[in-house]
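Undergrad: A predicted structure for the sequence below; I have some questions about it.
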Amino acid sequence: MNFVPLPDPRQRVIEDLSSQIDRFFAAGGQVAEVSVGTSKDSLPVVMETRAQKLRAGRDRLAPSVRDMAAKGASAHAISKVLRTNDTRVRLIARENNITLGGKQ
């Protein structure tokens, strides 16, 4: 039987974090102090939200939807070509003021 105690996992996490902090400062990193009352809008954006990612994807499809709608294609026909659903095509059209098959 092995009666050697296991290392404390919390202690390993603390040691790992301490080594990361030491490497950060050794590489010339500096602490940035954020004053009280600073809004999140003035801070640099670190992550893009899901809504922003979805909107960017729709913005990439908008020129294709606009071209096909100009040729008179319906939302269903456009969705088949773009391999997406009708609702997304209608949303793209609504966001970009595109008229689909006589409708907006």
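TA: In hand now; what should we look at? What you see is a predicted model, and the numbers here were worked out from it, not measured in a lab.
Undergrad: right, and the helix or strand after the lengthiest helix in the chain?
TA: If you go by DSSP state H, the chain has its longest helix at helix 50-70. Next along the chain after helix 50-70, taking DSSP states H and E as the criterion, comes helix 75-82.
Undergrad: How many neighbouring residues does Arg88 have?
TA: Neighbours of Arg88 under the rule other C-beta atoms under 10 Å: 18. Backbone N, C-alpha and C define where each C-beta goes, glycine included.
Undergrad: Surely it and Arg58 touch.
TA: Yes - Arg88 lies in contact with Arg58 (C-beta atoms under 8 Å); the separation is 7.1 Å.
Undergrad: before we move on, the earlier item: show me what the longest helix of the chain is in contact with.
TA: 48, 77-78, 81-82, 84, 88-89, 91-93, 95-96, 98-101 (C-beta atoms under 8 Å, 6 or more residues apart in numbering).
Undergrad: Sort out which of the residues you listed are buried, if you could.
TA: Neighbour-count burial (16 or more other C-beta atoms under 10 Å) is assigned, among those, to 77-78, 84, 88-89, 91-93, 98, 100.
Undergrad: Show me which pair in those residues is furthest apart.
TA: Pairwise distances across the buried ones among the contacts of helix 50-70 peak at 16.3 Å for Ala77 and Leu91 (criterion: C-beta to C-beta).
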